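Asker: Sequence plus predicted model, see below.
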Amino acid sequence: MGDDYQNKIAKLKGQMKSYPDFPKPGILFWDIFSAISDGQTCTLLQGLLVETIRREFPDIQAVVGLESRGFLFSFAVAAELGIGCVPVRKRGKLPGEVIAYEYKLEYGTDVLEIQKDSVKPGLKCLIIDDLLATGGTVNAAANLLQSCGAEVSGTLVVIELEALNGRSKNMVYRNRARVIVR
Ligand SMILES: O=P(O)(O)OC[C@H]1O[C@H](OP(=O)(O)OP(=O)(O)O)[C@H](O)[C@@H]1O
Ligand SMILES: Nc1ncnc2[nH]cnc12
């Protein structure tokens, strides 16, 4: 990775804001929306995501965006790369036959679902989200994709909360996660 790439990451990092005690006491909440309210930051981040995918995951056929903040990035990169965009949503929001998986959050638990027919066996997928905390969400998404027969190439997130060690807890992605800012 060249200086130019690192400089762009440093610039993006400077735009990220965090809020203590949101949504619960003790949580330091990293807010992607504060950064992308600025147009130049949108362009910068989009460019970094696409550049990272082209370099690290050149053969993926679809990006899988995780509700809800992951959707911002999955459609944008899918459109630029000309590949599929598949949503993974919280319980009860997707029509048709779905596969579900319950998982733990940094705060609380949740259920993710994917439409059974949205991913064909062997499809090479990249999971994309705004943030990796405990890794539970990405892990759940990976399990869903694998139950559909998809091949999960890795995970791309904008922010990694390294102190929570989500990467090491995630057996599927330990060596295959890529992050933009950490
Ligand atoms: O690594 P984890 O501990 O699983 O946490 C990370 C997840 O938590 C946040 O989503 P949230 O469930 O708050 O939903 P939102 O994007 O709709 O705000 C974030 O956008 C990730 O998806
Ligand atoms: N600390 C955090 N900031 C923003 N989103 C999160 N999702 C889980 N933990 C989070």
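Answerer: Sure, I can see it. Ligands and ions are numbered 1, 2, ... in the order given.

Asker: Need the three-state assignment for Gly149.
Answerer: Following DSSP: H, G, I helix; E, B strand; the rest coil, we place Gly149 in the coil state.

Asker: OK, contacts around the spatially closest residue to it that is not a sequence neighbour?
Answerer: Take Gly149 and drop its neighbours on the chain: the residue closest to it by CB to CB, 6 or more residues apart in numbering is Pro121, 3.2 Å away. Bear in mind the C-beta positions are built from the backbone N, C-alpha and C, glycine included. By CB atoms under 8 Å, 6 or more residues apart in numbering, Pro121 lies in contact with Cys148, Gly149, Ala150.

Asker: Over to Pro87?
Answerer: Val64, Gly65, Glu67, Phe71, Ser74, Leu94, Ile114, Ser118.

Asker: so the fourth one makes contact with Gly65?
Answerer: Yes - checked against CB atoms under 8 Å, the pair Phe71 and Gly65 is within contact range at 4.6 Å.

Asker: more crowded one of the two?
Answerer: More crowded of Phe71 and Gly65, by other CB atoms under 10 Å: Gly65, with 27 against 18.

Asker: any bit of the helix or strand hosting the more buried one sitting next to ligand 2?
Answerer: Using DSSP states H and E, Gly65 sits in strand 62-66. No - judged by CB under 6 Å from any ligand atom, strand 62-66 stays clear of ligand 2, getting no closer than 10.6 Å.

Asker: So for the worst-scoring helix or strand of the chain on mean pLDDT, what gets flagged as buried?
Answerer: In the chain, no helix or strand scores lower on mean pLDDT, DSSP states H and E than helix 166-169, which sits at a mean of 79. Under the neighbour-count criterion of 16 or more other CB atoms under 10 Å, helix 166-169 has Gly166, Arg167 buried.

Asker: Which other helices and strands does it contact?
Answerer: Under the contact definition 3 or more CB pairs under 8 Å, 6 or more residues apart in numbering; DSSP states H and E, helix 166-169 sits against helix 136-147.

Asker: and the helix it packs on, does that touch ligand 1?
Answerer: Yes - using CB under 6 Å from any ligand atom, helix 136-147 reaches ligand 1 at Gly136, Thr137.

Asker: So which other helices or strands are in contact with that helix?
Answerer: strand 62-66, strand 98-104, strand 109-115, strand 124-132, strand 151-160, helix 166-169.

Asker: Next, format these as CSV and append distance to Asn7.
Answerer: CSV is the format used below for the helices and strands packed on helix 136-147 (distance: least, CB to CB, whole Å):
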stretch, distance to Asn7
strand 62-66, 25
strand 98-104, 36
strand 109-115, 35
strand 124-132, 22
strand 151-160, 17
helix 166-169, 24
